[in-house]
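Student: Here is my input, please return the structure:
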Amino acid sequence: MHPIRNGMPSRELGAHGWRKPWSDDAGGACLEAKKLVDGRVALRQSTDPTGPALILTPREVARFLASVKAGDADFLC
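Tutor: Here you go, the predicted structure:
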């Protein structure tokens, strides 16, 4: 396996363990997440399962989720 890095093809992270905690109600575009063995989180677009993965540290994920819960991302809606 290649070193895990941002932008790597998500297929290199394996096919198992991907979950869809966020989904588009229109039926198609879902953001999939996978917790990696070192604690980092990989994100990918479900409509492109072999496309690039965004790799986040546990701290980055925690800060992002806290910001969303606080309403800091409401401008995106």
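Student: in this protein, which residue is closest to the centre?
Tutor: Leu43 (1.8 Å; C-alpha atoms, centre = their mean).
Student: Quick check: which ranges of the protein have low pLDDT?
Tutor: 1-2, 23-28 (pLDDT under 70).
Student: Which parts of it are helices?
Tutor: Assigned by DSSP state H, the helices in the chain fall at 58-69.
Student: show me where it has strands.
Tutor: Residue ranges of the strands in the chain, as given by DSSP state E, are 19-23, 30-35, 41-45, 54-56.
Student: Measure how the longest one sits relative to strand 19-23, angle-wise.
Tutor: Just to be clear, that refers to strand 30-35. Here strand 30-35 runs at an angle of 140 degrees relative to strand 19-23 (axes from the mean of the first three to the mean of the last three C-alpha atoms, to 10 degrees).
Student: ok so, going back, which residues does the residue nearest to the centre of the chain contact?
Tutor: Leu43 makes contact with Leu31, Glu32, Ala33, Ala53, Leu54, Ile55, Leu56 under the criterion C-beta atoms under 8 Å, 6 or more residues apart in numbering. Where you see a C-beta, it was placed from the backbone N, CA and C, and this is true even at glycine.
Student: can you rerun that using 10 Å?
Tutor: 10, 18, 21-22, 31-34, 52-56, 61 (C-beta atoms under 10 Å, 6 or more residues apart in numbering).
Student: from these, which is closest to Ala73?
Tutor: Among the contacts of Leu43, Trp22 lies closest to Ala73 (C-beta to C-beta), at 12.2 Å.
Student: In this structure the closest one contacts Phe64, no?
Tutor: No - checked against C-beta atoms under 10 Å, the pair Trp22 and Phe64 is beyond contact range at 12.0 Å.
Student: Highest neighbour count among the contacts of Leu43?
Tutor: Highest neighbour count within these: Ala53, with 26 neighbours (other C-beta atoms under 10 Å).
Student: Identify the contacts common to Trp22 and Phe64.
Tutor: By C-beta under 10 Å, 6+ apart, no residue touches both Trp22 and Phe64.
Student: any idea how far Cys8 lies from Asp38?
Tutor: Careful, residue 8 is Met and not Cys. From Met8 across to Asp38, the span is 14 Å (C-beta to C-beta, to the nearest Å).
Student: All set, thanks.
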